[in-house]
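*Asks:* Here is the input, now give the coordinates:
(chains A, B, C and D)
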Protein chains: 2
Amino acid sequence: MLNWFDNQTSREVTLKRAKQTSAETCPVARALEIIGDRWSLLIVRDAFDGIRRFNEFQRDLGLSKSVLASRLQELVGNGVLQIVQAEDGSAYQEYELTGKGQGLFHVIVGLRQWGEGFLFSRNEARSVMLERKSGKPVGPLALRTRAGRSLTPDDVVIKKVTKTA
Amino acid sequence: MLNWFDNQTSREVTLKRAKQTSAETCPVARALEIIGDRWSLLIVRDAFDGIRRFNEFQRDLGLSKSVLASRLQELVGNGVLQIVQAEDGSAYQEYELTGKGQGLFHVIVGLRQWGEGFLFSRNEARSVMLERKSGKPVGPLALRTRAGRSLTPDDVVIKKVTKTA
DNA sequence: CAGGATCCAATACGATACTG
DNA sequence: CAGTATCGTATTGGATCCTG
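*Replies:* Down below sits the predicted model:
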């Protein structure tokens, strides 16, 4: 244990981001400051899909190691991910979603549904279609198209949306 | 009408973004390429709140005009917003959500709920609390804390979330 | 008012090399 | 494997000036 300042990196990052927009009052803005960049939500999506190791994230997302390292650090610093010891014997760490991170489920599902509904042409194979054809729902929470496991559209149902006035 | 290429700006932008991540198959990634930057979703949120004019967006978000102009252009180019003539007599245009843009409702609500649930300390006044105290639901869709109108937490209910296997 | 054009600073990102 | 350090580049954003 060296200095109090040595452990401050992620906190500084958070603060630096926080002053960029006026997120004092708006929860949406505050949320976007944490996961509103190009990679963070994709990392979270992968985590929902069961990806846990540094190398898996990197290969799957195709981003540079330095960027991945810094994003993971931020996510851990913000309490979205946490580091745990590997389940097998290996001495390495793994990243897993905290409760807070799991709370992003609806956000990602919303993005997925929007993407499926508006961002695919008819010619393209939609993940929903493919999954229905195969007819075998498997695996844990899979929020993207990956071989063998996927989120059934019925898994999440938006019940009621009322417009006040 | 000059050249075919003259009207290509927004399309080029879209394509440039599209190749950054492998969004061929994943709807989440594809969605993030369109609204996954720091400003776009905040603009959409404002649009849900009834903001329609360039100047309103700029004053509310506090971003530079050039950035706002380019973001609005992208959003229009991607079919999230559309330009309409001002409702009053003024000769100026206004921006309003398309159906596709309105489809982002659940995403923003999800972000809002996550922000409210995890990103506010107990000491801070949460928008939810404040709204409940006031007890008067008013205005159109308000997804952020703004004087006089707000989204009641009961407006959106997530009904069922099943984890397959 | 609603932008466009230009210039400049900050940042994000990728590639590479290095470490335990 | 899981990073850190360094570098060069690309993108982003802000500020300023200009237009109709």
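
*Asks:* And the pLDDT at the residue nearest to residue A:67 when sequence neighbours are not counted?
*Replies:* Leaving aside its sequence neighbours, residue A:67 sits nearest to residue A:39 (CB to CB, 6 or more residues apart in numbering or on different chains; 6.8 Å). The way it works is simple: take the backbone N, C-alpha and C, and place the C-beta from them, glycine included. At residue A:39, the model reports a pLDDT of 92.

*Asks:* correct me, but residue A:39 touches residue A:70?
*Replies:* No. Checked against CB atoms under 8 Å, the pair residue A:39 and residue A:70 is beyond contact range at 9.4 Å.

*Asks:* Which one's more surrounded, the two?
*Replies:* residue A:39 (21 against 15; other CB atoms under 10 Å in any protein chain shown).

*Asks:* what sits against that one?
*Replies:* Residue A:39 makes contact with A:61, A:63, A:67-68, A:71, according to CB atoms under 8 Å, 6 or more residues apart in numbering or on different chains.

*Asks:* Out of these, which sit inside strands?
*Replies:* Taking DSSP state E, every one of the contacts of residue A:39 sits outside strands.

*Asks:* How about the contacts made by residue A:80?
*Replies:* A:34-35, A:40, A:44, A:97-98, A:100-101, A:104.

*Asks:* So which of those reach chain B?
*Replies:* A:34, A:100, A:104 (CB under 8 Å from any CB of the partner chain).

*Asks:* Quick check: of those, which lies closest to DNA strand D?
*Replies:* Nearest to DNA strand D among the ones next to chain B among the contacts of residue A:80 is residue A:34, at 15.8 Å by CB to the nearest atom of the strand.

*Asks:* surely the closest one meets residue B:111?
*Replies:* No. Using CB under 8 Å, residue A:34 makes no contact with residue B:111, being 10.0 Å away.

*Asks:* between those two, which one's more packed in?
*Replies:* When residue A:34 and residue B:111 are compared for neighbours, residue B:111 comes out ahead with 30 against 26, by other CB under 10 Å.

*Asks:* And for the more buried one, nearest residue in space, chain neighbours not counted?
*Replies:* Per CB to CB, 6+ apart, closest to residue B:111 is residue A:31, 4.4 Å.

*Asks:* any weak-confidence spans in chain A?
*Replies:* A:1-24, A:87-91, A:122-165 (pLDDT under 70).

*Asks:* where do the helices sit along it?
*Replies:* Per DSSP state H, chain A carries helices over the ranges A:9-18, A:27-35, A:40-48, A:54-61, A:65-77, A:99-102, A:105-118, A:127-134.

*Asks:* Could you single out the most deeply buried of the ones you listed?
*Replies:* Stretch with highest mean neighbour count among those: helix A:27-35 (a mean of 25; mean count of other CB atoms under 10 Å in any protein chain shown).

*Asks:* so what does that helix touch, helix or strand wise?
*Replies:* Contacting helix A:27-35 under the criterion 3 or more CB pairs under 8 Å, 6 or more residues apart in numbering or on different chains; DSSP states H and E are the following elements: helix A:9-18, helix A:40-48, helix B:40-48, helix B:105-118.

*Asks:* That helix near DNA strand D at all?
*Replies:* No. On the criterion CB under 7 Å from any atom of the strand, helix A:27-35 is out of touch with DNA strand D, staying 11.2 Å away.

*Asks:* Just the CA coordinates for that helix, please, in PDB.
*Replies:* Extracted C-alpha coordinates of helix A:27-35, given in PDB (Å, rounded to 0.1, in the frame of the first residue of the first chain):
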ATOM      1  CA  PRO A  27     -31.000   9.900 -14.600                       C
ATOM      2  CA  VAL A  28     -30.800   9.300 -18.300                       C
ATOM      3  CA  ALA A  29     -27.900  11.500 -18.700                       C
ATOM      4  CA  ARG A  30     -26.200  10.100 -15.600                       C
ATOM      5  CA  ALA A  31     -26.700   6.600 -17.000                       C
ATOM      6  CA  LEU A  32     -25.200   7.600 -20.300                       C
ATOM      7  CA  GLU A  33     -22.100   8.900 -18.700                       C
ATOM      8  CA  ILE A  34     -21.300   5.500 -17.400                       C
ATOM      9  CA  ILE A  35     -22.300   3.300 -20.300                       C
END
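
*Asks:* Tell me if it is near DNA strand C.
*Replies:* No. Helix A:27-35 lies out of reach of DNA strand C by CB under 7 Å from any atom of the strand, never closer than 10.5 Å.

*Asks:* Okay, angle between that helix and helix A:65-77 too, please.
*Replies:* Relative orientation of helix A:27-35 versus helix A:65-77 (axes from the mean of the first three to the mean of the last three CA atoms, to 10 degrees): 130 degrees.

*Asks:* so what's the nearest residue to residue A:107 once chain neighbours are set aside up against?
*Replies:* Excluding its sequence neighbours, the residue lying closest to residue A:107 (CB to CB, 6+ apart) is residue B:110, at 3.9 Å. Applying CB under 8 Å, 6+ apart to residue B:110 gives the contacts A:104, A:106-107, A:109-110.
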